[in-house]
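Undergrad: kindly generate the corresponding structure for this input.
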Amino acid sequence: MATLEIRDLHVSVEAEEGPLEILRGVDLTVRAGETHAIMGPNGSGKSTLAYSVAGHPKYQVTQGSITLDGVDLLAMSVDERARAGLFLAMQYPVEVPGVSVSNFLRTAATATRGQAPKLREWVKEVNAAMAALSIDPAFAQRNVNEGFSGGEKKRHEILQLELLRPKVALLDETDSGLDVDALRVVSEGVNRVRATGAVGTVLITHYTRILRYITPDFVHVFVDGRIREEGGPELADQLEAEGYERYTKAAARA
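TA: Sure, this is the predicted structure:
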């Protein structure tokens with residue numbers, strides 16, 4: 001069973017005044033089949049956590065460890081982490097001019113699966129996944145994310161998630177900018193992946209609206225670079241009612 005382990009993680013970024021510490025000792029374990037919601041206010045370090053695990057060069061790990069199935073992710077490049085089974089859905093997916101969705105997906109699947117999918121089976125697999133996400137088949141011939149709406153970009157990321165079959169998926173504010181219909185379709189895609197029991201999911205969000213469609217096993221309150229409280233789905237309801245104020249005040253006093 002795949003396991004992502006984060007232990008005492010400290011991360012800094014370079015600022016004008018020198019290194020600025022954003023993560024201040026994060027501990028988190030994510031196992032296959034589990035869904036963890038990380039919730040917190042803007043600027044609390046949630047996205048920094050996702051990008052640090054994925055290997056973004058902007059973020060410098062100054063202390064702690066990140067392992068996937070006991071293997072040190074910090075010793076790997078970004079592409080090596082992806083091939084090892086790590087997937088990141090970004091808050092703002094980037095455009096890739098000159099690369100079609102079809103070529104991008106098959107190249108990525110080849111890298112993660114270790115061999116190129118058989119073309120006929122692959123076409124059927126892609127078409128079925130696109131239909132489930134209400135994606136027009138014509139998008140397969142368009143350049144990756146070029147001219148896509150926000151909702152189309154997010155559906156494309158979940159399409160990647162379904163086809164690449166990672167061990168751990170980091171979904172950074174997947175609900176950002178989605179209307180109700182797109183949110184439902186995207187959530188159904190995430191739930192299909194969850195139902196396999198083979199993927200550990202980290203769902204990063206400000207709000208509880210996506211949690212009406214995706215019920216987490218664990219909720220973590222993230223404030224000022226640390227996990228301040230952990231619980232079950234009921235903790236998300238509490239946050240909806242009370243907000244983050246008591247956590248931010250406690251962090252300010254610490």
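Undergrad: Asp172: neighbour count?
TA: If you count neighbours by other Cβ atoms under 10 Å, Asp172 ends up with 22. Every residue, glycine included, has its C-beta placed from N, CA and C.
Undergrad: next helix or strand past the helix or strand containing Val61?
TA: When elements are assigned from DSSP states H and E, Val61 belongs to strand 60-68. Proceeding C-terminally, strand 60-68 gives way to strand 71-72 as the next helix or strand, assigned by DSSP H and E.
Undergrad: strand partners of that next one, parallel vs antiparallel please.
TA: Sheet partners assigned to strand 71-72 using DSSP bridges are listed as strand 60-68 (antiparallel).
Undergrad: that older thread, list of residues touching the strand holding Val61?
TA: 2-14, 19, 21, 25-26, 52-53, 72-74, 81, 84-86, 167-168 (Cβ atoms under 8 Å, 6 or more residues apart in numbering).
Undergrad: before we move on, what about stretch 244-254?
TA: Contacts for stretch 244-254 (Cβ under 8 Å, 6+ apart): 40-41, 221, 223-224, 226, 228-229.
Undergrad: show me which positions of the strand holding Val61 end up buried.
TA: 61, 64, 66, 68 (16 or more other Cβ atoms under 10 Å).
Undergrad: so how far is Arg228 from the second one?
TA: The gap separating Gly64 from Arg228 is 18 Å, by Cβ to Cβ, to the nearest Å.
Undergrad: repeat for Ser187
TA: From Ser187 to Arg228 the distance is 26 Å (Cβ to Cβ).
Undergrad: contacting residues for Val215?
TA: That one is not Val; residue 215 is Thr. Counted by Cβ under 8 Å, 6+ apart, Thr215 has contacts 35, 233.
Undergrad: on the three-state scheme, it is what?
TA: When classified by DSSP: H, G, I helix; E, B strand; the rest coil, Thr215 comes out as coil.
Undergrad: thinking again about what came up before, can I get the contacts of stretch 244-254 in JSON lines with secondary structure and distance to Gly150?
TA: Formatted as JSON lines, these follow (DSSP: H, G, I helix; E, B strand; the rest coil; distance: Cβ to Cβ, whole Å):
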{"residue": "Gly40", "secondary structure": "coil", "distance to Gly150": "22"}
{"residue": "Pro41", "secondary structure": "coil", "distance to Gly150": "22"}
{"residue": "Val221", "secondary structure": "strand", "distance to Gly150": "27"}
{"residue": "Val223", "secondary structure": "strand", "distance to Gly150": "27"}
{"residue": "Asp224", "secondary structure": "coil", "distance to Gly150": "29"}
{"residue": "Arg226", "secondary structure": "strand", "distance to Gly150": "30"}
{"residue": "Arg228", "secondary structure": "strand", "distance to Gly150": "30"}
{"residue": "Glu229", "secondary structure": "strand", "distance to Gly150": "31"}
